[in-house]
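*Asks:* What follows is a predicted structure for the sequence shown.
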Amino acid sequence: MTVLIVVILLIALILLRIPVAFAVFATGLLGLVMTGGIDSAVHAMETSPFAAVRKNSLSAIPLFILMAQLMLMSGLMDKVFDAARALVGRMPGGTAVASVGAGTAFGAVSGSSTAAAATLAQTSTRRMLQEGYTKETSTALVAVVGTLAAMLPPSIILVFYAVTAEAPVGDMLIAGLLPGLLVAVSMLVVIAIGYFRKPDDMPKGTRTSMKEKTKLIVESSPMLLVFLCVVGAIFFGIVTPTESAAVGVLASLVIVLARKQWSNRGFGKAVLATVKTSAMIFAIIMSAHVLGDFLTETRVTPTMVDAIEDSGLPALAVVFLIALIYLVLGFFMDQIAIIALTVPVTLPLIEALGYDPVWFGVVVILLAETGMVTPPMGLNVFIVSRESGVPPITVFKGAFPYVIAMLVLTTIFILWPDLVLWLPSMAG
């Protein structure tokens, strides 16, 4: 009964738009008071929040956020999009394909879905609208491509899940690479299908000379340098994930200086944005641990594991049921909040069924990605809508085919987990 009261109160606070960290902390504290009294709650406050954030692996989160801010400061994203457009822009739907390529490249160094969507909306969306693409296509594609940053390393969400699930951060980052690229390929498939259905919606771009193509590729190549510094170093076992984040920050800073984009004011904004985002994430982590202490006291997870084992349901059916729950949660909640609130409960169930926590993290994050482009929350949709001036309902409508493609991929990953675990098994 106590658990039910706490859960209902938590849902009510989130629906009332109370910040997630405060809602989780308040309900967790109330639950501790109801189950163990004031003394138990005070003891948890003395130990749990500090224990939650003293892990060395957490230092990768602010470093990756700062790296993303420096990459935005460098202005390199425009060059990456122009290079991708020069390579494929002449083909039908070329600018749309270039948007996927540029978004994939930016996602591989930014780690932030919202930052990727906002940046792409200022470049790709405007260019597609100028070339005659429909509003649905030019905005929805950018909103969906922005979600790749949640899956491709150095994703902040991947690191957050790894810390929450106590999974290896390096394995988690490497595991997101192949699924992220497959999501990008699925977007290209949707674009191709859209072209065959309505060719007029996918106009050709302009031809670019080989000299101009070479120039743009060279100018955008520093993006590859940052990716190799971060992901390549982790894959070959040269550095730890935390060390790779520091190397990525250094590489990004060098690019900012080399491109003569440095300004004290710009750097101050980057640091401030890093502090704000990091503080929000760390607050959620600390609050989630308080709620976790309450759930431990009430033995919710062991009870659920026993119930599922006694039910006789096939493991695959349980996994699909959990996946459906995550899909629904993604409609209403932020990715970080979903992971913080649910993983401590669902992961023991998954492990009891014999599945790998790294694989589960990829599935959870892919499902959470869909929530960024589906109503009613759809954060990426509202960001792109604001930047482009296109109504959110138009963007949601255009995103629907891409959501279907992402759900098909999720099903494939559930049925064949080795697709997700192949790269981590090969990493040094």
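*Replies:* Received it, and whenever you're ready, just let me know what you need. Note that the structure is a prediction, hence the values are computed from the model and not measured.

*Asks:* Just the pLDDT for Leu182.
*Replies:* Predicted confidence (pLDDT) for Leu182: 93.

*Asks:* likewise the one 3 residues further on?
*Replies:* Taken from the predicted model, the pLDDT recorded for Val185 is 93.

*Asks:* What helix or strand is it located in?
*Replies:* For Val185, the element it lies in under DSSP states H and E is helix 177-197.

*Asks:* now what about whichever helix or strand comes after that helix, what contacts it?
*Replies:* The element immediately downstream of helix 177-197 (helix or strand, assigned by DSSP H and E) is helix 210-220. Helix 210-220 has contacts (C-beta atoms under 8 Å, 6 or more residues apart in numbering) with Leu76, Lys79, Val80, Asp82, Ala83, Ala86, Leu87, Ala105, Thr208. Where C-beta positions appear, they are placed from N, C-alpha and C, glycine not excepted.

*Asks:* any weak-confidence spans in the protein?
*Replies:* For the chain, the stretches with pLDDT under 70 are 1, 89, 111-112, 201, 205, 301, 309, 428.

*Asks:* returning to that earlier point: which ones among the contacts of helix 210-220 map onto helices?
*Replies:* Under the assignment DSSP state H, the contacts of helix 210-220 contribute Leu76, Lys79, Val80, Asp82, Ala83, Ala86, Leu87, Ala105 to helices.

*Asks:* Now stretch 64-84: buried residues?
*Replies:* 64-74, 76-77, 79-84 (16 or more other C-beta atoms under 10 Å).

*Asks:* wait, doesn't Val300 sit right on Val345?
*Replies:* Yes. Between Val300 and Val345 there is a contact under C-beta atoms under 8 Å: 6.5 Å.

*Asks:* rewinding a little: mind exporting the C-alpha coordinates of the helix holding Val185 to PDB?
*Replies:* Written as PDB, here are the backbone C-alpha positions of helix 177-197 (Å, rounded to 0.1, in the frame of the first residue of the first chain):
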ATOM      1  CA  LEU A 177      27.500   2.700 -32.200                       C
ATOM      2  CA  LEU A 178      26.100   0.000 -34.500                       C
ATOM      3  CA  PRO A 179      22.500   0.500 -33.400                       C
ATOM      4  CA  GLY A 180      22.900   4.200 -33.900                       C
ATOM      5  CA  LEU A 181      24.200   3.700 -37.400                       C
ATOM      6  CA  LEU A 182      21.400   1.300 -38.200                       C
ATOM      7  CA  VAL A 183      18.900   3.900 -37.000                       C
ATOM      8  CA  ALA A 184      20.500   6.300 -39.400                       C
ATOM      9  CA  VAL A 185      20.200   3.700 -42.200                       C
ATOM     10  CA  SER A 186      16.500   3.200 -41.400                       C
ATOM     11  CA  MET A 187      16.000   6.900 -41.900                       C
ATOM     12  CA  LEU A 188      17.500   6.700 -45.300                       C
ATOM     13  CA  VAL A 189      15.200   3.800 -46.100                       C
ATOM     14  CA  VAL A 190      12.200   6.000 -45.100                       C
ATOM     15  CA  ILE A 191      13.500   8.800 -47.300                       C
ATOM     16  CA  ALA A 192      13.800   6.400 -50.300                       C
ATOM     17  CA  ILE A 193      10.300   5.100 -49.700                       C
ATOM     18  CA  GLY A 194       9.000   8.600 -49.600                       C
ATOM     19  CA  TYR A 195      10.800   9.400 -52.900                       C
ATOM     20  CA  PHE A 196       9.200   6.400 -54.700                       C
ATOM     21  CA  ARG A 197       5.700   7.400 -53.300                       C
END
